[in-house]
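Chemist: kindly return the folded structure for what I paste below:
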Amino acid sequence: MFKRTALAISVCLVLPLSTAHAANDGAGCGLGKIVLEGKSGTGANIGAAILNLLGVQTFAMTSGTSGCDTTTTVQNDDKQREEFVASNMDNLSVDAAQGQGNYLASLAHIMDIQEQDKGSFYSLTQSRYEDLFVKSEKADDVLAALDLAMASDAQLAKYIQ
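Modeler: Presented below is the predicted three-dimensional model:
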């Protein structure tokens, strides 16, 4: 009885996440993609997500089988940066004013700033604090000002998207 309950709870927690991903991006890769190749619609996507939950997708993703490509990487895009800044504007502003902190470190991570350049990034946000946070009211304004500031820094210009 306990095993069935645990399984039911697990499916209820994981299935919505998998089906949301499947509904947005198709079957992705794995057993679900192979079995339901050429089919479309919510039902096919849910079926593909369920098949991918069987544990085969993890193997496929790491081995490059079942339609998965191990040479592709996840790209951090402008939308992710904008969402992070918009959601954490106040805390990020405090960290930038101090030239350090978890929110600033998280932004550096999202922007793929390498460890050896993080000190320069933190210093830049502190020295350009007024341009970044006082003159800017929206996340996209902050990011535009940050990109402009980074473009003028030889060490950080390579991180502008």
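
Chemist: when you work out contacts or count neighbours from here on, use the C-alpha atoms and nothing else.
Modeler: Noted.

Chemist: what kind of secondary structure is Glu137 in?
Modeler: At Glu137 the chain is in coil, as set by DSSP: H, G, I helix; E, B strand; the rest coil.

Chemist: could you report the pLDDT at it?
Modeler: pLDDT, Glu137: 81.

Chemist: who touches the helix or strand where Gly119 lies?
Modeler: If you go by DSSP states H and E, Gly119 is part of helix 115-127. When contacts are defined by CA atoms under 8 Å, 6 or more residues apart in numbering, helix 115-127 is touched by residues 96-100, 104-105, 108, 132, 146, 149-150, 155-156.

Chemist: try it again with 6 Å
Modeler: 96-97, 99 (CA atoms under 6 Å, 6 or more residues apart in numbering).

Chemist: stretch 81-100 too?
Modeler: By CA under 6 Å, 6+ apart, stretch 81-100 touches 101, 103-104, 122-123, 125-126, 139.

Chemist: try 8 Å this time
Modeler: Against stretch 81-100 from outside (CA under 8 Å, 6+ apart): 101-104, 107, 110-111, 122-123, 125-126, 129, 133, 138-140, 142-143.

Chemist: cool, stretch 135-153 as well?
Modeler: Contacts of stretch 135-153 (CA under 8 Å, 6+ apart): 81-83, 85-86, 89, 124-125, 128, 131-133, 156-160.

Chemist: repeat that for 10 Å
Modeler: The contact list for stretch 135-153 (CA atoms under 10 Å, 6 or more residues apart in numbering) reads 78-79, 81-89, 93, 120-121, 124-125, 127-134, 156-161.

Chemist: and these, which are buried?
Modeler: Using 16 or more other CA atoms under 10 Å as the burial test, these include 81-82, 84-86, 89, 93, 120-121, 124-125, 127-129, 131-133, 156 as buried.

Chemist: on that earlier part again, so which of the contacts of stretch 135-153 are in strands?
Modeler: With DSSP state E as the criterion, strands contain none of the contacts of stretch 135-153.

Chemist: can you flag which of those residues belong to helices?
Modeler: Judged by DSSP state H, helices contain the following of the contacts of stretch 135-153: 78-79, 81-87, 89, 93, 120-121, 124-125, 127, 129.
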